[in-house]
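Trainee: Provided below are the primary sequence and the corresponding predicted coordinates.
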Amino acid sequence: MVELVKKIFQKIFPFVANVQDNNKIKNKLNLLSSVKTDLEYMKEYNALSIDQLKDFYNDTFEIKNKLEDKAKINIVGLTISISLILGLSNLITKINESFGMNWITIIVIILSFL
């Protein structure tokens with residue numbers, strides 16, 4: 001029963017969980033900033049040649065381009081899904097108006113919450 005009340009509270013007030021999570025992240029960042037961290041890839045960076053540095057530099061741009069391509073694909077997918085949702089909601093509205101079936105709207109609203 002307590003779990004159910006917690007879930008309902010989280011659904012109604014999601015910002016409370018966000019504030020708690022932000023505080024946890026801030027505490028972890030404060031701990032990390034107070035401790036000196038030696039990163040594995042930065043050890044002996046002085047021994048790298050200019051050609052190796054150029055390769056690392058070019059690799060970062062390749063990774064950036066791949067991430068941009070993935071972002072473009074996600075935007076296209078999001079655009080298509082929004083178009084489908086709007087088209088289906090328009091279709092449901094027309095069916096509801098022509099047949100006067102209010103139960104279709106109720107079913108769609110219930111399914112949207114699931």
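Mentor: Noted; the coordinates are in hand. Residues are numbered from 1 along each chain as shown.

Trainee: quick one: contacts of the helix or strand containing K11?
Mentor: For K11, the enclosing helix or strand under DSSP states H and E is helix 2-12. Helix 2-12 has contacts (C-beta atoms under 8 Å, 6 or more residues apart in numbering) with V16, A17. C-beta here means a position set from N, CA and C on the backbone, and glycine is covered the same way.

Trainee: Quick one: mean pLDDT for that helix?
Mentor: Averaging pLDDT along helix 2-12 yields 84.

Trainee: from the chain's centre, how far out does it sit?
Mentor: Centroid displacement of helix 2-12 relative to its chain, using C-alpha atoms, centre = their mean, to the nearest Å, is 22 Å.

Trainee: What of stretch 5-23?
Mentor: Distance of stretch 5-23 from the chain centroid (C-alpha atoms, centre = their mean) equals 17 Å.

Trainee: low-confidence ranges in the chain?
Mentor: Where the chain drops to pLDDT under 70, the residues are 37-39, 41-42, 100-105, 114.

Trainee: and the longest helix for it?
Mentor: Counting residues, the longest helix in the chain under DSSP state H turns out to be helix 50-99.

Trainee: Could you check how far it is from the centre of its chain?
Mentor: 12 Å.
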